[in-house]
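[1] Return atomic coordinates for the entry below.
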Amino acid sequence: MTDKELFSKIDHTLLSPTATVMQIRTLCAEASGYGCASVCIPPCYVKQVHKEFPELNICTVIGFPLGYTSTEAKVAETKQALADGANEIDMVINLAAVKNEDYDTVIDEIVQLKAVCGKHILKVIVETCYLTEDEKIMMCNAFTTAGADFIKTSTGFGTGGATFDDIKLFAKHIGRNVKIKAAGGIKSREDMEEFVRLGCSRLGTSSGVRILTQKKK
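    This next block holds a predicted model:
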């Protein structure tokens, strides 16, 4: 797999609560220069990045990182993010609803956010490290029913990130119209290539650009 192919699947990410504007600008310049799929940045930077880097595909996060804000709050966040210039939304599910087996609430929330997103991509984060295998399968079914564009493994803020086993599980159970994004703990080119081979269309990583450019330096 070529560098160009891998770059085209990377959501170049910086979601630290202490990220500075200079760090965000560096991230955006790298993403633009290397042809990344998007930059994934905090909502507070979306408007500024949209103005300074109009060529970039901007992704931002909603209900992040815990997911237990109300659906109404997530809807409002999403509307504002899109108005500010975001093209893609990565939303965290309500994990409490999952643990309560209230899957209708999970589905309804995704349906509402997808209605707001319209043609914009909605990726929904399951935070796999907190779910059982049965719950992960239920989420595959729920996301397919609700019309999510992507199932995403992790926020990067939980106790674990993406694993090959979880991607295999998703690929087996998710609907054909739902794509897969691996995020959290991707540390090598070999990781990236294997995640893509297993079925990932996107890779959420803060270190992907560094990994792929190290050898050239």
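
[2] what about dumping the CA coordinates of stretch 77-89 to PDB?
    Below are the C-alpha coordinates for stretch 77-89, written out as PDB (Å, rounded to 0.1, in the frame of the first residue of the first chain):
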ATOM      1  CA  GLU A  77     -23.800  21.100  18.800                       C
ATOM      2  CA  THR A  78     -24.100  19.400  15.400                       C
ATOM      3  CA  LYS A  79     -26.000  22.300  13.900                       C
ATOM      4  CA  GLN A  80     -23.400  24.800  15.100                       C
ATOM      5  CA  ALA A  81     -20.500  22.700  13.900                       C
ATOM      6  CA  LEU A  82     -22.000  22.500  10.400                       C
ATOM      7  CA  ALA A  83     -22.700  26.200  10.400                       C
ATOM      8  CA  ASP A  84     -19.100  26.900  11.400                       C
ATOM      9  CA  GLY A  85     -17.800  24.900   8.400                       C
ATOM     10  CA  ALA A  86     -17.500  21.200   9.500                       C
ATOM     11  CA  ASN A  87     -18.200  18.700   6.800                       C
ATOM     12  CA  GLU A  88     -18.100  15.500   8.900                       C
ATOM     13  CA  ILE A  89     -19.300  14.800  12.400                       C
END
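
[3] Mind listing residues that contact that stretch?
    The contact list for stretch 77-89 (CB atoms under 8 Å, 6 or more residues apart in numbering) reads 11, 38, 43, 46-47, 49-51, 57-63, 69, 91, 113, 116-117, 120-123. Every residue, glycine included, has its C-beta placed from N, CA and C.

[4] hey, where'd the helices end up in this protein?
    With helices called from DSSP state H, the chain shows them at 3-7, 21-34, 46-52, 71-84, 95-99, 103-117, 133-146, 164-173, 189-198, 208-214.

[5] Among those, which one carries the weakest average confidence?
    Ranked by mean pLDDT, the helices of the chain end with helix 208-214 at the bottom, a mean of 93.
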